[in-house]
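Colleague: output the structure for:
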Amino acid sequence: MKVVMKKELENLINQVIKELSLAESSFSVEHPNDLSHGDYSTNVAMVLAKETKKNPKELAEVIKDKLLEYKSENIEKIEVAGAGFINFHLSKNFFKKSIQEIIEGGEKFGRNEILVGEKIMVEHTDPNPFKEFHIGHLMPNVIGSSLARLLEWNGAEVKQASYQGDVGLHVAKAVWAIKNGHAENSYAVGHKAYEENPEAKKEIEGINKKIYDKSDNEINKIYEDGRKASLEYFETIYKRLGTKFDFYFFESDAGKIGKEIVEENIGKIFEESDGAVVFKGDKFDPSLHTRVFINSQGLPTYEAKDLGNAKMKFDKYEYTKSIVVTGNEIKDYFRVVLEAMKMVLPNLASITKHLSHGMLRLTTGKMSSRTGNVVTAESLIDEVKEKTEGDEDVALGAIKYMILRQSIGSDIIFDINQSVSTEGDSGVYLQYAHARASSLIDKATGIEIAYKERSLVHEVEKLLYRFPEIVERAGREYAPSYVTTYLTELASAFNNFYAHEEVIGDSSESGTRLAIVKAFKTVMKNGLDILGIPAPERI
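Modeller: Residues are numbered from 1 along each chain as shown. The predicted structure follows:
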């Protein structure tokens, strides 16, 4: 059982195909939606029938007969169904071994070594000093942290990094506002002045250059104090969210490096245009556009800084892959940056992956840091916390689940009441199931927790052994939502098991049922750990 059952079946099918002198093909081995159709099903006969012009059902029977010659004790029955699917039913002995392996594996169950040797840096969250840490930052934080843990579970060495915009026009706007007595909502005040007041716009642009040059003592003091306060504020939020960054990178450092890279390649990759330096993306890919890398004031733009950041990260930690998690709104921007990176830093471009996520909105609508209409991450956590009777672990579980339950690129409308529902499809639902399992184990004094083969295999047993498969697939596809979906289905099956089978009692099956409970608790805790959701023993 140390080998994932799916792989055992794939290897067996490939062996049989070879023995039958059939061509190698790309077939699937999946779990049928209906458990009565078996524990696994393959379409291999239907795929090969197209290539060999044979009847798929007849070919399936031939393959099935050959498979039966080699079936292990893990397989109870193999049958042909429908238009030519081959279904596998696992044996009761398999389920007994799977429960034992889960219990013995404990907190390590589900881990694999597929990515051993990989050194991966996951960059996410990236809040800007002088701005609020708003609910939009929760998306990359929760997704990035979960991806990091997921990749670790697949054997990689993973480092988490945050890249923060501590220089740039947004900072100059805030510094201008603070200088003019507006410490509250400084960025929003500065942005409004920049857009509406030509005099203020000129002053802000001057401040922006002074911040880069460090040429004005008063500006330096406002900037340094504000930057320090912002970074300390961010740390308090990371602590609440359970995020631990290994590295912090800043635009103030990346800008210098990026500017040098661009200047070294003017006339080759980059072009001068109206006093600025640009990259004409459509020259290399018709679907790309032109972007400025050094502006007319001679300052590096976000684009140049991203080149500098890639080099800076690699110099700090020689990653084999860099994953950058940002919002969908800069997907096209990042495509241009990566194209430029291919020309000037080809070794880094080839190992950089951009993952873009959707937008988080409340049911009350959109928000904007430019207008000051911002919902902070802290205020959302506190509001959900109120709904959970002051339990922060449950509140965090509610928020993280809502972000991780669907594919990364999708927008999310966050409904607070739905997030704390105990009826399913919520983090609270998973936490309650884990707490229930903990309570049952605590109450089972004097009962030996040991699985004995039983006549009926419950749905929860048919789901538990799949956890390693889920971890592997979710890691391969950078999709924590697979883990979320699986845990929700597992919790539902466990609650059904609890409702229909007396766990603690005089039954001869009590020890077996407790073993199932213990295996469930192990898998649920491990899955919640990947998602970054607390697994309380009591709620």
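
Colleague: CA only for contacts and neighbour counts going forward, please
Modeller: Will do.

Colleague: buried residues, the lengthiest helix in the chain. List them.
Modeller: What stands out as the longest helix in the chain, according to DSSP state H, is helix 217-241. Across helix 217-241, burial judged by 16 or more other Cα atoms under 10 Å covers Ile219, Asn220, Tyr223, Gly226, Arg227, Ser230, Leu231, Leu241.

Colleague: could you point out which element follows that helix?
Modeller: Moving toward the C-terminus from helix 217-241, the next helix or strand (DSSP states H and E) is strand 247-250.

Colleague: now that next one, how far from the centre of its chain.
Modeller: Offset of strand 247-250 from its chain centre (Cα atoms, centre = their mean, to the nearest Å): 20 Å.

Colleague: any buried residues in that strand, and which?
Modeller: Phe249, Phe250.

Colleague: show the subsequent helix or strand relative to that strand.
Modeller: According to DSSP H and E, the helix or strand after strand 247-250 is helix 251-264.

Colleague: mind listing what the residue lying farthest from the centre of the chain touches?
Modeller: The centre of the chain is farthest from one residue, Glu199, which by Cα atoms, centre = their mean lies 44.8 Å away. Residues near Glu199 by Cα atoms under 8 Å, 6 or more residues apart in numbering: none.

Colleague: domains of the protein?
Modeller: 5-90, 124-362, 406-531 (automatic domain parsing).

Colleague: centre of the chain to the longest one, how far?
Modeller: In other words, domain 124-362. 21 Å.

Colleague: end-to-end on it?
Modeller: Counting by Cα to Cα, to the nearest Å, you get 22 Å between the two ends of domain 124-362.

Colleague: with the last one instead?
Modeller: Using Cα to Cα, the span of domain 406-531 from its first residue to its last is 13 Å.

Colleague: quick one, strands of the stretch 101-250 of the chain?
Modeller: 119-123, 157-164, 247-250 (DSSP state E, counting those that start in this stretch).

Colleague: the domains of the chain: which one's closest to Arg111?
Modeller: domain 124-362 (4.8 Å; Cα to Cα).

Colleague: hang on, the earlier thing: relative orientation of the longest helix of the chain and strand 157-164 in degrees?
Modeller: Here helix 217-241 points in a direction 140 degrees away from that of strand 157-164 (axes from the mean of the first three to the mean of the last three Cα atoms, to 10 degrees).

Colleague: quick one: mean pLDDT over helix 217-241.
Modeller: The pLDDT scores in helix 217-241 average 97.

Colleague: that helix packs against which elements?
Modeller: With contacts defined as 3 or more Cα pairs under 8 Å, 6 or more residues apart in numbering; DSSP states H and E, helix 217-241 has these neighbours: helix 169-179, helix 198-213.

Colleague: of these, which is nearest Ala148?
Modeller: Nearest of the helices and strands packed on helix 217-241 (Cα to Cα): helix 169-179, 29.3 Å.

Colleague: what comes up buried for the closest one?
Modeller: Buried-residue list, helix 169-179, by 16+ other Cα under 10 Å: Leu169, His170, Val171, Ala172, Lys173, Ala174, Val175, Trp176, Ala177, Ile178.

Colleague: got it, and stretch 90-106?
Modeller: Buried, per 16+ other Cα under 10 Å, within stretch 90-106: 90-92, 94-103, 106.
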